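A.B. asks: here is the input, now give the coordinates:
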Amino acid sequence: MEDVFNEFEELIQTGLKNNMSRDGKLITIGQIIYAVTRDELTNEEGWKLEEMMGGRTQWEEALEYSIFGYPVDTATPSLDKPLVIAGKTFHSRLMTGTGKYRSIAEMQQSVNASRCEIVTVAVRRVQTNAPGHEGLAEALDWTKIWMLPNTAGCQTADEAIRVARLGREMAKLLGQEDNNFVKLEVIPDAKYLLPDPIGTLEAATQLVKEGFAVLPYINADPLLAKRLEEVGCVTVMPLGSPIGSGQGINNAANIQIIIDTVKIPVVVDAGIGTPSEAARAMEMGADALLINSAIANAQNSPAMAKAMGMAAEAGRLAYLAGRMPVKDYAIASSPETGTVTSK
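C.D. replies: Below is the predicted model:
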């Protein structure tokens with residue numbers, strides 16, 4: 001991948017020195033996107049090359065200009081800002097996982113296709129080389145992807161705290177010296193896999209004191225979300241429906257209250273099964289999504305990963321654009337003036 005990146009870098013630098021035309025930039029951006037989808041470039045390399053050419057907004061404008069034939073800055077100006085969690089900036093609003101894939105290769109292809117920048121990893125499974133997790137720590141390029149260690153499998157606050165500490169050390173061993181992120185999961189319920197609110201709050205309070213950037217996985221409980229914000233968590237991650245169920249967003253009202261009341265990023269996690277459900281969560285105003293099972297269990301995981309990434313973007317843009325009001329009656333879309341009438 002390094003050779004391909006260097007070739008693109010040289011091409012871009014030469015083109016910019018020679019006042020590369022808009023059409024030339026569009027062609028080059030298309031080639032970069034194609035190289036990413038073919039795994040010839042990593043997601044991070046693709047972002048870096050896009051930044052050299054003025055950033056993602058610029059190539060989105062160029063792509064739309066090529067389709068519609070007018071400068072997009074007069075039609076759909078850039079509305080969004082990057083996602084910021086604990087002071088770290090991310091361009092993608094989709095996070096993915098590493099579990100349940102049929103092979104390591106399929107997981108790698110899916111992560112690449114999603115264009116995500118955050119991947120969560122179960123610390124216990126990596127530490128013990130659990131089935132399906134052998135070599136997982138080395139399977140991704142952690143200089144390009146931000147690791148989100150998680151405490152999956154922990155049933156008590158004490159267990160989760162110990163595993164979080166292991167996760168921080170694991171991230172350091174893999175080259176992310178400044179990574180203090182942890183996705184906090186405290187789940188004593190083996191059947192429904194619902195998180196323990198009391199244990200989660202207890203563990204979060206302690207981990208924040210130890211300098212962790214805590215991203216807690218919770219039921220869609222607005223009061224708990226607010227309390228976790230108050231103790232210093234950097235996000236809250238309410239579930240849309242039971243993890244791995246694919247039921248979609250079953251508790252939209254509570255998630256909406258969380259979005260409206262907390263000031264930290266809200267990441268909808270668990271239950272999303274289709275891109276339409278992912279888009280719906282983003283249209284509600286969620287800041288990001290974490291999706292694993294819907295991608296890993298799809299018949300074509302890389303294709304579903306790409307679809308989920310696109311849905312996250314579409315839903316976010318729709319939220320920022322502002323939907324039309326819902327009415328109880330019909331309103332004609334055609335103008336009422338200038339019509340032919342009979343006497």
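A.B. asks: ok, and the helix or strand in this structure with the lowest average confidence?
C.D. replies: helix 56-68 (a mean of 52; mean pLDDT, DSSP states H and E).
A.B. asks: quick check: next helix or strand after that helix?
C.D. replies: The element immediately downstream of helix 56-68 (helix or strand, assigned by DSSP states H and E) is strand 83-85.
A.B. asks: can you list the low-confidence ranges for the stretch 201-343 of the chain?
C.D. replies: 334-343 (pLDDT under 70).
A.B. asks: which parts of it are helices?
C.D. replies: Secondary structure of the stretch 201-343 of the chain (DSSP state H, counting those that start in this stretch): helices located at 222-231, 252-261, 275-283, 293-296, 301-321.
A.B. asks: so for residue 138, which of these sits nearest?
C.D. replies: Using CB to CB as the measure, helix 293-296 is the one of the helices of the stretch 201-343 of the chain that comes nearest residue 138, at 19.2 Å. (Glycine included, C-beta is placed from N, CA and C.)
A.B. asks: distance between the closest one and the chain's centre?
C.D. replies: Relative to the chain's own centre, helix 293-296 is displaced by 14 Å; criterion: CA atoms, centre = their mean, to the nearest Å.
A.B. asks: who does that helix touch, helix- and strand-wise?
C.D. replies: In terms of contact count using 3 or more CB pairs under 8 Å, 6 or more residues apart in numbering; DSSP states H and E, helix 293-296 is assigned the packing partners helix 104-114, helix 301-321.
A.B. asks: for the stretch 151-300 of the chain, what spans make up the strands?
C.D. replies: 181-184, 213-218, 237-238, 267-269, 288-291 (DSSP state E, counting those that start in this stretch).
A.B. asks: as TSV, the ones you listed with mean neighbour count and distance to residue 299 would be great.
C.D. replies: As requested, these are exported to TSV (neighbours: other CB atoms under 10 Å; distance: least, CB to CB, whole Å):
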stretch	mean neighbour count	distance to residue 299
strand 181-184	28	27
strand 213-218	26	27
strand 237-238	27	27
strand 267-269	27	23
strand 288-291	27	16
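A.B. asks: closest to residue 253 out of those strands?
C.D. replies: Using CB to CB, these put strand 237-238 closest to residue 253, at 11.6 Å.
A.B. asks: hmm, who's touching that closest one?
C.D. replies: Residues outside strand 237-238 that contact it (CB atoms under 8 Å, 6 or more residues apart in numbering): 183, 215-221, 225, 251, 254-255, 258, 266-269, 290.
A.B. asks: repeat that for 10 Å
C.D. replies: Contacts of strand 237-238 with the rest of the structure, by CB atoms under 10 Å, 6 or more residues apart in numbering, involve 95, 183-185, 195, 215-222, 224-225, 228, 249, 251, 254-255, 257-259, 265-271, 281, 286, 288-290.
A.B. asks: of the strands of the stretch 151-300 of the chain, which is nearest residue 39?
C.D. replies: Across these, residue 39 has its closest neighbour in strand 288-291 (20.1 Å, CB to CB).
A.B. asks: other SSEs contacting that closest one?
C.D. replies: Taking 3 or more CB pairs under 10 Å, 6 or more residues apart in numbering; DSSP states H and E as contact, the helices and strands that strand 288-291 lies on are strand 94-96, strand 118-122, strand 237-238, strand 267-269, helix 275-283, helix 301-321.
A.B. asks: if we can go back for a sec, can the helices and strands packed on helix 293-296 go into TSV with extra columns for mean neighbour count and distance to residue 243?
C.D. replies: Compiled in TSV, these are given as follows (neighbours: other CB under 10 Å; distance: least, CB to CB, whole Å):
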stretch	mean neighbour count	distance to residue 243
helix 104-114	21	18
helix 301-321	20	16
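A.B. asks: possible to save those helices as CSV with distance to residue 9?
C.D. replies: Conversion of those to CSV gives the following (distance: least, CB to CB, whole Å):
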stretch, distance to residue 9
helix 104-114, 19
helix 301-321, 24
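A.B. asks: closest to residue 142 out of those?
C.D. replies: Nearest of the helices and strands packed on helix 293-296 to residue 142, taken as CB to CB: helix 104-114 at 11.6 Å.
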